[in-house]
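**Q** pasting the structure only:
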């Protein structure tokens with residue numbers, strides 16, 4: 001065998017070894033990446049497969065008739081009155097629970113209620129404005145967002161509305177089982193009842209909610225805070241669906257302002273806010289389980305357009 005033939009054989013062996021090694025390495029790498037991608041896809045599919053438990057005929061995507069919505073609101077208000085009557089027979093328990101919440105907040109260094117209440121109460125025009133904010137925007141903004149989504153986004157309305165109704169249902173269970181007095185009713189030497197002091201809307205009895213008579217509102221519905229739950233629900237709808245950036249910004253700032261107002265007026269505890277956010281999260285979960293679709297995404301094309 002000549003020297004040239006020996007070199008050719010050695011070169012071929014080296015090339016075959018390199019080719020085998022490269023092929024094996026590339027195959028292994030592709031297999032690893034493929035497995036990772038497959039796992040990620042499986043996880044994504046797993047989340048997207050949460051729900052629905054309702055059959056397709058009960059998950060229409062068109063705009064529901066108005067009388068159905070009014071009927072649902074009426075049912076919700078009736079359930080609210082049931083929890084109100086249950087809370088009114090709670091005796092001293094709602095007050096004890098309020099003090100317990102303050103004690104827990106003190107241990108967690110979250111008890112800013114008294115400081116913010118007394119700080120803002122010194123500025124008459126600001127605290128009076130907050131009183132009216134608390135008494136009005138909670139309903140006005142929420143109704144406006146309901147109507148806006150109902151008119152402009154009919155295919156998303158049912159999902160958005162389901163989150164709200166589910167959140168309220170969970171909150172009503174909380175009101176029924178765990179009635180809590182707001183800070184303003186616990187200790188007049190510690191908290192300033194800003195509605196009573198400034199006679200907001202003629203408030204004199206100092207026992208209602210949002211300046212309204214206690215006969216039509218649940219005085220002990222502090223935990224969880226639906227003021228925050230509704231505000232964040234509005235903010236999320238606006239942030240996802242509004243086209244103008246300044247509208248999105250206003251929507252996002254709305255729950256921030258609401259948080260300041262409900263604490264400054266001594267109507268809620270900081271932990272009420274946490275409870276409100278947890279309740280809203282439960283509303284999203286219920287919607288997903290029932291309908292199996294993203295709240296703000298376009299409705300699936302395979303769902304029926306009519307009830």
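**A** Received it, and whenever you're ready, just let me know what you need. All values derive from a computational prediction rather than experimental measurement.
**Q** Kindly provide the distance from the residue lying closest to residue 153 once chain neighbours are set aside to residue 59.
**A** Among residues not flanking residue 153 along the chain, residue 241 sits closest, at 5.9 Å (Cβ to Cβ, 6 or more residues apart in numbering). From N, CA and C alone the C-beta is placed, and that goes for glycine too. Counting by Cβ to Cβ, to the nearest Å, the gap from residue 241 to residue 59 is 20 Å.
**Q** more crowded one of those two?
**A** residue 59 (21 against 18; other Cβ atoms under 10 Å).
**Q** in the helix or strand where residue 86 lies, what's buried?
**A** Secondary structure from DSSP states H and E places residue 86 in helix 66-88. Applying a neighbour-count criterion of 16 or more other Cβ atoms under 10 Å, the buried positions in helix 66-88 are 69, 79-80, 83-84, 87.
**Q** Residue 240 and residue 182: what is the separation?
**A** Residue 240 sits at a distance of 31 Å from residue 182 (criterion: Cβ to Cβ).
**Q** With neighbour numbers in mind, choose between these two.
**A** Legend: neighbour count by other Cβ under 10 Å for residue 240 and residue 182, higher for residue 182 (25 against 16).
**Q** For that one, report the pLDDT, please.
**A** Looking at residue 182, its pLDDT reads 94.
**Q** Test my guess that it contacts residue 268.
**A** Yes. Residue 182 lies in contact with residue 268 (Cβ atoms under 8 Å); the separation is 6.3 Å.
**Q** who touches both of these two?
**A** Counting by Cβ atoms under 8 Å, 6 or more residues apart in numbering, the residues touching both residue 182 and residue 268 are residue 222.
**Q** Just give me the closest of the buried residues of helix 66-88 to residue 139.
**A** residue 80 (13.3 Å; Cβ to Cβ).
**Q** Run a quick check on that closest one versus residue 169, I expect a contact.
**A** No. Assessed by Cβ under 8 Å, residue 80 is found out of contact with residue 169, at 10.5 Å.
**Q** what are the ranges of the strands in the stretch 151-300 of the chain?
**A** With DSSP state E, counting those that start in this stretch, there are no strands along the stretch 151-300 of the chain.
**Q** Show me the shaky parts of it.
**A** For the stretch 151-300 of the chain, the stretches flagged by pLDDT under 70 are 201-217, 300.
**Q** gap between the two ends of stretch 185-193?
**A** Criterion Cα to Cα, to the nearest Å; first-to-last residue distance in stretch 185-193 is 7 Å.
**Q** what comes up buried for that stretch?
**A** By neighbour count with 16+ other Cβ under 10 Å, stretch 185-193 contains the buried residues 185-186, 191-193.
**Q** shaky segments in the stretch 1-150 of the chain?
**A** In the stretch 1-150 of the chain (pLDDT under 70), the answer is 1-48, 87-90.
**Q** Show me the strands in it, by range?
**A** Counting by DSSP E, counting those that start in this stretch, one finds no strands in the stretch 1-150 of the chain.
**Q** what about the helices in it?
**A** For the stretch 1-150 of the chain, applying DSSP state H, counting those that start in this stretch gives helices covering 3-48, 66-88, 93-108, 113-121, 124-152.
**Q** Buried residues, the last one. List them.
**A** Just to be clear, that refers to helix 124-152. So for helix 124-152, counting by 16+ other Cβ under 10 Å, buried means 127-128, 130-135, 137-138, 141-142, 145-146, 148-150.
**Q** How about the shortest one?
**A** The neighbour-count criterion (16+ other Cβ under 10 Å) identifies 113-114, 117, 120-121 as the buried residues of helix 113-121.
**Q** Show me which of the residues you listed is closest to residue 290.
**A** Residue 290 lies nearest to residue 113 out of the buried residues of helix 113-121, by Cβ to Cβ, at 36.2 Å.
**Q** Without its sequence neighbours, what residue ends up closest to the closest one?
**A** The shortest distance from residue 113 to any non-neighbouring residue, by Cβ to Cβ, 6+ apart, is to residue 183 (5.2 Å).
**Q** Alright, that wraps it up for me.
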